[in-house]
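Chemist: Got a predicted model here, sequence first, then my questions.
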Amino acid sequence: MSNDQQNPIKTICPYCGVGCGIQVRPGEEPGDMRFMPWGDAPVNEGRICIKGGAATEVVDHEDRLTEPLIRDDDGEFREATWEDAFERIVDELERIREEHGPDAMGFYGSSKVMNEENYLLQKLARRYGTNNVDNCTRMCHASTVWALRRSLGAGAMTNSMRDLGDEADLFWIHGANPAEQHPIANSQYFRQAVLDGATVIQVDPHANKTTESFEIEDTDRHMHLQVEPGTDIPLLNIVLKTVLENDWVDEEFVDERTRGVEDLEATLEDFDKEEAAATCKVPLEDIETAAEKYATAGNAAIFTGMGMSQHTCGVDNVQNEINLALITGNLGRPGTGVNPLRGQNNVQGTCDVGAMPNVLPGYQNVDDDDARESVEAVWGFEIPPEPGLTNVEISMAAGDSIHGLYIMGENPVMSEPDANEVAERLERLEFMVVQDIFMTETAKFADVILPATSWAERGGTVTNTDRRVQRMRPVEKVHDDTRHDLDILAEVGTRLFGDDAGFDFSDPEAVFEELRQVCPSYHGMTYDLLGEEGIHWPCYEPGDEGDPYLYEEEFTTEDGLGYIEGVRHQPPAEVPDEEYPLVLTTARLIEHYNTGTMSRRSPTLNRQHPENFVDIHPADADRYGIEDDDEVTIRSRRGEITLTAQVTDDIKEGVVWTTPHFAAASANRLTNEALDERAKIPEYKAAAAEIDVRIEPTDAGAEADDD
Ligand code: SF4
């Protein structure tokens, strides 16, 4: 049968959390597959961004890992059989547990893979005897999840992209850049709302494609508040105090549905708005105008991004957004809420299914005896009761109390802060196994590398940013000697713990059937019921249609109330000084994805930005004698990278802005590993830095040097 005769298969884009549906026409041979729009896809109705359109480019890439690799005694990798690889893994995991105990291992789940695979990985870790299991949400929205769970009940978007697009009158976009990070959500839903009259308030140190897409600079309606990195609490406290002073509080909502407003009032009683405006370097009257627009808009929705979450005060940043939504009654109805736009296509689901050190599937606390017992009744083994280490804590302990790592589809050498230190620590491990589709910067330190299948070759479910659980379907035959992550985990679990230990799964649907037994918010879903539309959680019983927006009647906290709590400014862990006088901040580009394992191998995506660069304000460029396209070295206390300068007033004076995508010059060699003490998220968004300008020697100068 020729390609043209084969029916296209509907699946989900493997890149961002919007969860766009795509169709792929399979081919007879690797490389023959063809991307097609899926016209009535539930999220995107056929629209697609540059990443989704290029997703098929990496599936048959020549760099794909095709056979297991084992590191020899001489330190070189050699090709191995699966049998040899499994034997080595089981021997090493058993040895480490015997010699050091189960908490000497760490397990990394991945938001690039399916719910079923992450479910099985966290079950494997807990059967091994440790809660040291985590995923990349720790690096993006751990603080958001923490604050939302504590103060509203669920660690997820309160509303759906569709109801926000249909009903919002104002978008408060804080530390987020949906035009680049969530392009179809921006163009399909939010931009349409703006064309229909909605207002945009953007708070960000960097003017970006979102600023452009709403023409924020050119109208009186929209505003861009170019805040100093790490000063979001004083900015929001000005907004909150302005709302209180002007009686823009929704008294009925506050009385009936919240508690803690007195604490907020007390916190702001002596708060000095002028001093705070000077701290965040935004004119006070602009912040007050923005406050009025938000409080009087009708339906006002907050989008919160990593500009808020990736700080040592990340939990408090998000709590202050929750405070604002609660005192103005902007929760529990369409077009409102506090909405984290999640990064990777399954980062929401990876958390939902329990690949975190403190919670079991469905966010049931691991230190809650009743929760543990209910899951143990299904799993048939005891779950350790103490929360484990987060992934950054695991990396920091590697080579000390952590002796081994099991990594599925993650790349901490690129993704974690202070990347040079991470690499040094991984080298000191006794044993590390990595499952991935390419040789990553992290896999180079492994003892065993297992070649996994890509998004195009396997099926399962993923959960998008607005809690919609959708099915992915295999569109291509399994490559060479690769295996699905699910099959690998099933094999390792069965070899470690026996045939009856609950790992002997041969297909994702069987895993999903067990998952829904222990995850209450997924309980009403089956593969058949998910169909092509998917279902938003919570879905407690078959037939529930799921909730596109949460908290219509009450919050899901213990007392059903939303929690207000005043917070005070905490500067970043590292602030500019004489030696490092600039603030370094980071963000992503539309064409690339996180550590770039896939996107840097895609010709279409790599064309626009094949290398890293740094944005520098013209006044700073003048001071350092830097011109556009000069090579500059950015240094922090943790390392240095050399990249090309872009002189632009898109960035605030005194701040330099770059990206984490490029191995040769990743921003994470410079970023600070300081953590929010509750959510344990690192402070990627503010580090002290300095610039050196690289002076290329002229020919004459070179000769003189030779002399
Ligand atoms: Fe894929 Fe996200 Fe682009 Fe949609 S918006 S096509 S999910 S990368």
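Modeler: Right, received. Where do you want to start? Numbers count the residues shown, from 1 in each chain.
Chemist: Report pLDDT for Gly701.
Modeler: pLDDT for Gly701: 41.
Chemist: same question, Met432
Modeler: So, for Met432, pLDDT stands at 98.
Chemist: element containing it, please.
Modeler: Using DSSP states H and E, Met432 sits in strand 431-436.
Chemist: Which element is encountered next along the chain beyond that strand?
Modeler: strand 448-451.
Chemist: Which residue would be the closest one in the stretch 151-300 of the chain to the ligand?
Modeler: Ile184 (3.7 Å; C-beta to the nearest ligand atom). C-beta: built from backbone N, CA, C; applies to glycine.
Chemist: likewise the chain?
Modeler: Gly52 (2.4 Å).
Chemist: that older thread, where does the residue of the stretch 151-300 of the chain closest to the ligand fall, secondary structure wise?
Modeler: Judged by DSSP H and E, Ile184 forms part of helix 183-184.
Chemist: before we move on, the earlier item: wait, doesn't the residue of the chain closest to the ligand sit right on Gly19?
Modeler: No. In this structure, Gly52 is not within contact of Gly19 by C-beta atoms under 8 Å, at 10.3 Å.
Chemist: any residues in contact with both of these two?
Modeler: Common neighbours of Gly52 and Gly19, using C-beta atoms under 8 Å, 6 or more residues apart in numbering, are Cys13.
Chemist: between these two, who's got more neighbours?
Modeler: Gly19 (30 against 24; other C-beta atoms under 10 Å).
Chemist: Need phi/psi at the residue nearest to Asp367 when sequence neighbours are not counted.
Modeler: Counting by C-beta to C-beta, 6 or more residues apart in numbering, Asp367 lies nearest to Pro385, which is 5.7 Å off, once chain neighbours are set aside. Pro385 adopts backbone torsions of phi -80, psi -20, taken as degrees, to the nearest 10.
Chemist: List the residues that contact Pro385.
Modeler: Neighbouring residues of Pro385 by C-beta under 8 Å, 6+ apart: 366-367, 369, 372.
Chemist: same thing but 10 Å
Modeler: 131, 366-369, 372 (C-beta atoms under 10 Å, 6 or more residues apart in numbering).
Chemist: likewise Asp72?
Modeler: With C-beta under 10 Å, 6+ apart, Asp72 has these contacts: 78, 80, 447.
Chemist: Model confidence for the second one, exactly?
Modeler: Note on Ala80: pLDDT of 97.
Chemist: hang on, the earlier thing: after the helix holding Ile184, next one along is what?
Modeler: Following helix 183-184 toward the C-terminus (DSSP H and E): helix 191-195.
Chemist: Name the SS class of Gln646, please.
Modeler: Secondary structure, DSSP: H, G, I helix; E, B strand; the rest coil: Gln646 is strand.
Chemist: Report the separation between it and Glu554.
Modeler: 49 Å (C-beta to C-beta, to the nearest Å).
Chemist: higher neighbour count, those two?
Modeler: Gln646 (18 against 14).
Chemist: What residues does the more buried one make contact with?
Modeler: Gln646 touches 613-616, 621, 626, 628-630, 657-658, counting by C-beta under 10 Å, 6+ apart.
Chemist: Please indicate which of these are buried?
Modeler: Among the contacts of Gln646, the ones that count as buried by 16 or more other C-beta atoms under 10 Å are 613-616, 621, 626, 630, 657-658.
Chemist: now these as a markdown table including pLDDT, distance to the ligand and secondary structure?
Modeler: Shown next, in a markdown table, are these (pLDDT from 0 to 100; distance: C-beta to the nearest ligand atom, whole Å; DSSP: H, G, I helix; E, B strand; the rest coil):
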| residue | pLDDT | distance to the ligand | secondary structure |
| --- | --- | --- | --- |
| Phe613 | 85 | 22 | strand |
| Val614 | 92 | 25 | strand |
| Asp615 | 93 | 23 | strand |
| Ile616 | 94 | 29 | strand |
| Ala621 | 94 | 33 | helix |
| Ile626 | 93 | 33 | coil |
| Asp630 | 92 | 32 | coil |
| Trp657 | 91 | 22 | strand |
| Thr658 | 90 | 22 | strand |
